[in-house]
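**Q** Sequence first, then the predicted structure:
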Amino acid sequence: GENVEQHPSTLSVQEGDSAVIKCTYSDSASNYFPWYKQELGKRPQLIIDIRSNVGEKKDQRIAVTLNKTAKHFSLHITETQPEDSAVYFCAASIGNTDKLIFGTGTRLQVFP
Amino acid sequence: NAGVTQTPKFQVLKTGQSMTLQCAQDMNHNSMYWYRQDPGMGLRLIYYSASEGTTDKGEVPNGYNVSRLNKREFSLRLESAAPSQTSVYFCASSEGAGTYYEQYFGPGTRLTVT
C-alpha cells in the first residue's frame, strides 16, 4: 500500500540555524504534498503545500522542494526561532484524491 | 466561523462500552475525515466521506463505524471499546477533490479505554 517515510524523527537546532526535514513517498500517482505543524496539545495546521507540477515553493522562512522522479520532498526552515518548536508532519495524496497518507512526524526543538 | 468542532474533548471508557464522537464543520466542505493519532505513528485515516451519504474505509477502520448525517456532520462510533483504541481522535474537512485540498482539523478528542 501507499507509504510515506519521514526523517529525522527528532531535530534540535540553535536559534537562527536552518532545519531540513525529508520525506519519501511510494505512490507515483500522488500529486499533492502538504506539511502540517502541530504544537503541543493542539491540532495540526497547514504551513505550506506543493503540487506535483511545481518543483519548489517558498513562503517567507519556509520552503518546500519536490523531486517527483526520486519521489522525495523536503521542508526547509531558515532562521529558526523558538516558536518554530513543534512536531512537523509531511503527507502525500493517495493518487489524485483528497485522502492523505501522513509521515510519522519530526519533533523540532529550537534552542535560544 | 467556528471551523471544525468536536465533542467531547476528553472521554474515559471501560472496555466493552460504546460511544459516539461528534464532528461538525461550518465551511460548506464536501469531504470529511476521521484520524487517530498515536505516539510515533503520525495521523492514520480511519474513515473518509467524500459527500453526504457516502463513506469509505481508510487505513485503520476495524472497530469503528461512521455516519455522514448531512453535509455538516460526520460522527465516529466505537461499538465495543478496546484498550487499543486509546488515542487522540481528530476530525478534519476539506473542500473536496478538485483544485484545493487543504484539510482543516478539529481540536481533537482524547480517548482513554481502561
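**A** Right, received. Where do you want to start?
**Q** Look up the residues forming beta bridges with the residue nearest the centre of chain B.
**A** Of all residues in chain B, the one closest to the mean position by C-alpha atoms, centre = their mean is residue B:34, 2.7 Å from it. Residue B:34 has these beta-bridge partners by DSSP bridges: residue B:47, residue B:91.
**Q** pLDDT score assigned to it?
**A** On the pLDDT scale, residue B:34 is placed at 98.
**Q** Surely it and residue B:89 touch.
**A** Yes - Residue B:34 lies in contact with residue B:89 (C-beta atoms under 8 Å); the separation is 6.6 Å. Just so you know, the C-beta spots here come from the backbone N, C-alpha and C atoms, and that holds for glycine as well.
**Q** what residues are shared contacts of those two?
**A** Counting by C-beta atoms under 8 Å, 6 or more residues apart in numbering or on different chains, the contacts common to residue B:34 and residue B:89 are B:21, B:46, B:76.
**Q** so who does residue 67 touch?
**A** Using chain A. A:55, A:73.
**Q** that's the wrong chain, I wanted chain B
**A** Applying C-beta under 8 Å, 6+ apart, we find residue B:67 in contact with B:55, B:74-75, B:77.
**Q** who's it bridged to?
**A** residue B:75.
**Q** Please compute how far stretch A:49-64 lies from its chain's middle.
**A** Once both centres are worked out by C-alpha atoms, centre = their mean, to the nearest Å, stretch A:49-64 turns out to sit 10 Å from its chain's centre.
**Q** Endpoints of it, how far apart?
**A** By C-alpha to C-alpha, to the nearest Å, the extent of stretch A:49-64 from end to end equals 7 Å.
**Q** Show me what counts as buried in it.
**A** By neighbour count on 16 or more other C-beta atoms under 10 Å in any protein chain shown, the buried set for stretch A:49-64 is A:49-50, A:52, A:62-64.
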